[in-house]
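*Asks:* Could you look at this predicted model? Sequence included:
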Amino acid sequence: MSAPTTTPVRIEDLGGVRIITIDRPEVRNAIDTATATAIAAAIDELERRDDLVAGVLTGAGGTFCAGMDLKAFLAGERPSVPGRGFAGIVEQPPAKPMIAAVEGAAVAGGFEIALACDLIVAASDAKFGLPEVRRGLVAAGGGLLRLPRRVPRQLATEWALTGAIVPASRAHEVHLVNRLTDPGGALDAALELAGAIARNGPLAVRATKAVLTRADDWSSAEAFERQREITEPVRSSEDAREGAAAFREKRDPVWRNR
């Protein structure tokens, strides 16, 4: 077994995209308190910085994440961050788009981390699942809340109640996975997708995610008014004028995030 890494999370910023890599391959990138805290800090900085438009979350060593570090849990740790929840993300994902790049297993809390992301890119040999019921536990890190919104409810119910391990091909077939890649290709494909997002107006991207995220909680009577509260500041922004001018002048826009 390899020696434990000294830094549980690696950060790289590339072309407006923050890459957050869980780097504990010796425990299949299981989440302990230090890792949760580091993920939350990386997301907080993603939120603060105007030059970052989107994020990619992945795991080192051919595994996305095997869930909670049970050894740390038995030692009394709770790998949760106030305000952001388990793994520093599941209760409050970033307001900016986040893509999960999944190689190998994304199971239990690892699947819940992936579900907290907006989009999922997965290698063809990746696997997903909420096996908590097999251990007498409940998937309380958002899996039971989010999965029925991402796949048909009856399918989500089956997966959750049986603890099934679902191959990436099946997850792609039911549109849980956005893009399926050859093994080893998930991060590159996720970065391609994130780059396409990051080229767009940052205010517009953030507002678009906000509407998509919140709309399920709006009644039909209030939906357009609630949407207007989010979109009108973007319509009157410098970036909106810049986007129109760049289109007219047949050039790439220069976003100022205001």
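*Replies:* In hand now; what should we look at? This is a predicted model, so every value here is computed, not measured.
*Asks:* Check which residues of the top helix by length along the chain are buried.
*Replies:* If you go by DSSP state H, the chain has its longest helix at helix 33-48. For helix 33-48, burial by neighbour count (16 or more other C-beta atoms under 10 Å) applies to Thr33, Ala34, Thr35, Ala36, Thr37, Ala38, Ile39, Ala40, Ala41, Ala42, Ile43, Leu46. For glycine as for every other residue, the C-beta is placed from the backbone atoms N, C-alpha and C.
*Asks:* again, but for stretch 231-239
*Replies:* Thr231, Val234, Ser237, Asp239.
*Asks:* ok, now stretch 123-137?
*Replies:* Judged by neighbour count using 16+ other C-beta under 10 Å, the buried positions of stretch 123-137 are Ala123, Ala126, Lys127, Phe128, Gly129, Leu130, Pro131, Glu132.
*Asks:* sorry, back to before: I'd like the next helix or strand past the longest helix of the chain.
*Replies:* Next helix or strand after helix 33-48 toward the C-terminus (DSSP states H and E): strand 54-59.
*Asks:* Note down every partner strand of that next one and its orientation.
*Replies:* strand 17-22 (parallel), strand 98-102 (parallel) (DSSP bridges).
*Asks:* May I have the lowest-mean-pLDDT helix or strand in the chain as PDB, with CA atoms only?
*Replies:* Across the helices and strands of the chain, mean pLDDT, DSSP states H and E gives its lowest value to helix 70-74, namely a mean of 86. Extracted in PDB, the C-alpha atoms of helix 70-74 (Å, rounded to 0.1, in the frame of the first residue of the first chain):
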ATOM      1  CA  LEU A  70     -15.000   4.600   7.900                       C
ATOM      2  CA  LYS A  71     -11.700   4.300   9.800                       C
ATOM      3  CA  ALA A  72     -11.800   8.100  10.500                       C
ATOM      4  CA  PHE A  73     -15.500   7.800  11.300                       C
ATOM      5  CA  LEU A  74     -14.900   5.100  13.900                       C
END
